[in-house]
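>>> This is the structure alone, sequence omitted:
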């Protein structure tokens, strides 16, 4: 564990935010390796996937099929320990309730010239969910990603996840897929899974959108294949910023920080406070608690003393973290204007609840992307389309402006195309 203590004078928050984000070791450049994997899937199809199941996914033998047989997910759900099964069901209910609340009606507007413009929102026809896996199981990521797709109305929802050494997915992952209503499940992981879903093979049909968190290989494959397939975003290491007032509980803050650090040594965890005494206590708690928790042995922490809480909030906005905890009086009033993927307030506002069962989505923007994007939701699986209905009388009123703009841009045939639809043929018509 590494703890960096920073005394900040409140100036240049963007500069300090960049330093805090780069305090973790950068990922190696994977672009060339991922490009080779994508090309291999493009040219060899399923044969490459079967070989890479052993080479890259870590399966001990070549699988007989990449697709999990129908009914296995439902059977896995009923085989689980009742406590885990109940937890998954609670999470699924809350995630589904939030996703359903995101749905909104279509827009239809008749404009003064007489034309009607409708903006339709319809689900894409197929979507794939990537859930991290292999030696660990992440059923929560299955629920967080697949339920919004199903609520959006996607016709075909696919799950891919790396298998364990035995070539199978964990029962909890299969159970989550059953609860979320997944249609097809494949034991595939890494860049080759993303390539198969984007390009399509004989066994794995291509999809329209790929969503869900993954490692650097998955993210780089999504980056390279964006345009061939839609994606939800480009995920980086998980992040947490805690802004605490002098009366905050140091042990609670330390446990929240350690919990987030379980995501790996690349995850920035930053605690900002306006009280040096509180940061002293947080540092002591981190050191005391980390020794008995091997899952956070390599974690880096940054403790920043800010002149005031207002300075701390400005630093957080410059960082634009994935997760933000506000632990001071009046936090709820300050939360709506923050730049963060998800903000936690309330006396029990721990990020861990949001990671699992609160109902909010834990697939969130990282790397500062919270400045322009937000949690995974139904919108990631919905395409927007305009339908424009132009009657003849509207064309007469729109012709002059259309023709003038077309000629100004050096595209005169646009004007001709509009003119031939109108009952008025004069190319010098003025807007009416």
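Good, I have the coordinates. In this text, all values refer to a predicted model and were calculated from it rather than measured experimentally.
>>> quick one: contacts of stretch 10-21?
By CB atoms under 8 Å, 6 or more residues apart in numbering, the residues outside stretch 10-21 that reach it are 6, 8, 239, 268, 270, 302, 304, 306-308, 311, 314-315, 317-320, 367-368. Just so you know, the C-beta spots here come from the backbone N, C-alpha and C atoms, and that holds for glycine as well.
>>> what's the distance between the residue nearest to residue 306 when sequence neighbours are not counted and residue 368?
Nearest residue to residue 306, sequence neighbours excluded (CB to CB, 6 or more residues apart in numbering): residue 312, at 4.2 Å. Here residue 312 is placed at a distance of 17 Å from residue 368 (CB to CB, to the nearest Å).
>>> Which of those two has more residues huddled nearby?
Each of residue 312 and residue 368 has its neighbours counted (other CB atoms under 10 Å); residue 312 has more, 27 against 18.
>>> so the more buried one, which of the three states?
At residue 312, secondary structure determined by DSSP: H, G, I helix; E, B strand; the rest coil is helix.
>>> Could you pull up the residues touching the residue nearest to residue 306?
With CB under 8 Å, 6+ apart, residue 312 has these contacts: 243, 272, 273, 274, 304, 306.
>>> Please look at the fourth one and residue 313 and confirm they touch.
Meaning residue 274. No - using CB atoms under 8 Å, residue 274 makes no contact with residue 313, being 10.6 Å away.
>>> Among the contacts of residue 312, name the ones in strands.
243, 272, 273, 304 (DSSP state E).
>>> Among the residues you listed, find me the one that's closest to residue 31.
residue 304 (33.1 Å; CB to CB).
>>> Could you count how many residues lie near the closest one?
Other residues within reach of residue 304, judged by other CB under 10 Å, total 22.
>>> Tell me which residues touch it, please.
Taking CB under 8 Å, 6+ apart, we find residue 304 in contact with 6, 8, 16, 20, 270, 271, 272, 273, 279, 312, 315.
>>> Try it again at 6 Å.
Residue 304 makes contact with 6, 8, 272, according to CB atoms under 6 Å, 6 or more residues apart in numbering.
>>> and the second one, what does it touch?
Applying CB under 6 Å, 6+ apart to residue 8 gives the contacts 304, 306.
>>> what separates it from residue 272, distance-wise?
Distance from residue 8 to residue 272, by CB to CB: 8 Å.
>>> shared neighbours, these two?
In contact with both residue 8 and residue 272: 304, 306, using CB under 6 Å, 6+ apart.
>>> Quick check: residue 177 vs residue 279, distance?
In this view, residue 177 and residue 279 are 43 Å apart by CB to CB.
>>> These two - which one has more neighbours?
The neighbour count for residue 177 versus residue 279, taken as other CB under 10 Å, is higher for residue 177 (30 against 24).
>>> Pull the contacting residues for that one.
Residue 177 is in contact with 73, 142, 159, 185, counting by CB under 6 Å, 6+ apart.
>>> again with residue 133
Counted by CB under 6 Å, 6+ apart, residue 133 has contacts 161, 162.
>>> Surely it is in a strand?
No - secondary structure of residue 133 (three-state DSSP): coil, not part of a strand.
>>> where's it relative to residue 381, distance?
To residue 381, residue 133 is 22 Å away according to CB to CB.
>>> What of residue 2?
Separation of residue 2 from residue 381 (CB to CB) stands at 39 Å.
>>> what about the two, which has more around it?
Between residue 2 and residue 381, counted using other CB under 10 Å, the more crowded position is residue 381 (27 against 11).
>>> hang on, the more buried one packs against residue 153?
No - Residue 381 lies out of contact with residue 153 (CB atoms under 6 Å); the separation is 8.0 Å.
>>> shared neighbours, those two?
The contact sets of residue 381 and residue 153 overlap at residue 123 (CB under 6 Å, 6+ apart).
>>> still on that earlier bit, considering the contacts of residue 177, which is situated nearest to residue 362?
Using CB to CB, the contacts of residue 177 come closest to residue 362 at residue 142, 11.5 Å.
>>> Other residues contacting the helix or strand hosting the closest one?
Element membership for residue 142, per DSSP states H and E: helix 139-152. For helix 139-152, contacts defined as CB under 6 Å, 6+ apart pick out 91-92, 95-96, 99-100, 123, 127, 129, 131, 157, 172-173, 176-177, 180-182, 211-213, 356, 361-363, 377-378, 381-382.
>>> Then stretch 252-265?
238, 240, 242, 244, 269, 282, 285-286, 289, 295-296, 298-299, 301, 350, 352.
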